[in-house]
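**Q** Turn this into a model:
(2 chains)
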Amino acid sequence: GAVVSQHPSWVICKSGTSVKIECRSLDFQATTMFWYRQFPKQSLMLMATSNEGSKATYEQGVEKDKFLINHASLTLSTLTVTSAHPEDSSFYICSASQLPGLAGGGTYNEQFFGPGTRLTVL
Amino acid sequence: RKEVEQDPGPFNVPEGATVAFNCTYSNSASQSFFWYRQDCRKEPKLLMSVYSSGNEDGRFTAQLNRASQYISLLIRDSKLSDSATYLCVVNKASGSARQLTFGSGTQLTVLP
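**A** Model (predicted):
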């Protein structure tokens, strides 16, 4: 099956620093990657949708200047949490999917999830 | 109202028991439906898709009722390894985006 990796798996940082999380699709080309955040005992919340070579689309309430997303290649997307604060501590999970060739067409393609990155901001 | 609502549980059942989870969704235009399983501190993993005709995968049976916007998952002959959080997931109908909306999950513990 399709494999998605994330790095780092966990990170502890001081308040005010920036943290970069990488998401890689290892054996397929991901035209779309998604970034989620999950707080304890809550559901995964979609933060943004990232298409290779274009700007990410952020969900309502997610600050694009705080959560910088770059999807420069078909196998790599990065999420940078800038000036992290304790309230940003969470489990960040990426997923990747390979959309059908025709834009807007076709059926759902499964999203393959990375193992997640646990961020703790002190 | 949440887009996808689930009973959070926890459900504590003995091995061998049958347990059912329910889920409702608010967007009547939703296209696809799934059950995911998430173990503690791990990423969610697709358990099965859900179809209107109902579908079964071994001990797991999923049902979808589009009219009442209701999804269910039935687990028969529960195993200890079934202990996890089960997430009801709906695919938004949003142009060409393939966005998933997750319920907050139902926690299951199967006891020996």
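**Q** name the element the residue positioned nearest the centre of chain A belongs to?
**A** Note on chain A: the residue nearest the mean C-alpha position is residue A:35, at 2.8 Å, using C-alpha atoms, centre = their mean. Under the criterion of DSSP states H and E, residue A:35 resides in strand A:32-38.
**Q** Sheet partners, orientation included, of that strand?
**A** strand A:45-51 (antiparallel), strand A:90-97 (antiparallel) (DSSP bridges).
**Q** looking just at contacts, which helices and strands does the helix or strand of chain B with the lowest mean pLDDT meet?
**A** Using mean pLDDT, DSSP states H and E, the weakest-scoring helix or strand in chain B turns out to be strand B:100-102, at a mean of 90. Applying 3 or more C-beta pairs under 8 Å, 6 or more residues apart in numbering or on different chains; DSSP states H and E, we find strand B:100-102 packed against strand A:45-51, strand B:84-91. For every residue, glycine as well, the C-beta is placed using N, CA and C.
**Q** Listing partners with orientation, what would you give for the next helix or strand after it?
**A** Next in sequence after strand B:100-102, counting helices and strands by DSSP H and E, comes strand B:106-111. Under the criterion DSSP bridges, strand B:106-111 sits next to strand B:11-14 (parallel), strand B:84-91 (antiparallel) in its sheet.
**Q** low pLDDT regions in chain A?
**A** A:1, A:99-109 (pLDDT under 70).
**Q** how does it look with 80?
**A** Flagging of chain A using pLDDT under 80 yields the residue ranges A:1-2, A:98-110.
**Q** In it, mark out all the strands, start to finish.
**A** All strands of chain A, identified by DSSP state E, fall at A:4-7, A:10-13, A:19-25, A:32-38, A:45-51, A:57-58, A:67-73, A:76-81, A:90-97, A:112-113, A:117-121.
**Q** Chain B too?
**A** Going by DSSP E, chain B shows strands at B:4-6, B:11-14, B:19-25, B:32-38, B:44-50, B:55-57, B:60-65, B:70-75, B:84-91, B:100-102, B:106-111.
**Q** and the ones you listed, which is most packed in?
**A** strand B:84-91 (a mean of 24; mean count of other C-beta atoms under 10 Å in any protein chain shown).
**Q** could you check the angle strand B:44-50 makes with that strand?
**A** 60 degrees (axes from the mean of the first three to the mean of the last three C-alpha atoms, to 10 degrees).
**Q** so how far is strand B:84-91 from its chain's centroid?
**A** Taking C-alpha atoms, centre = their mean, to the nearest Å, one finds strand B:84-91 lying 4 Å from the centre of the chain it belongs to.
**Q** so what's residue 48 bridging to?
**A** Because you didn't say which chain, this covers chain A. residue A:35, residue A:58.
**Q** Oops, wrong one, chain B.
**A** residue B:35.
**Q** How much space separates it from residue B:34?
**A** 7 Å (C-beta to C-beta, to the nearest Å).
**Q** just to revisit the earlier point, TSV for the helices and strands packed on strand B:100-102, including distance to residue B:71?
**A** Listed next are the helices and strands packed on strand B:100-102 as TSV, based on distance: least, C-beta to C-beta, whole Å:
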stretch	distance to residue B:71
strand A:45-51	19
strand B:84-91	6
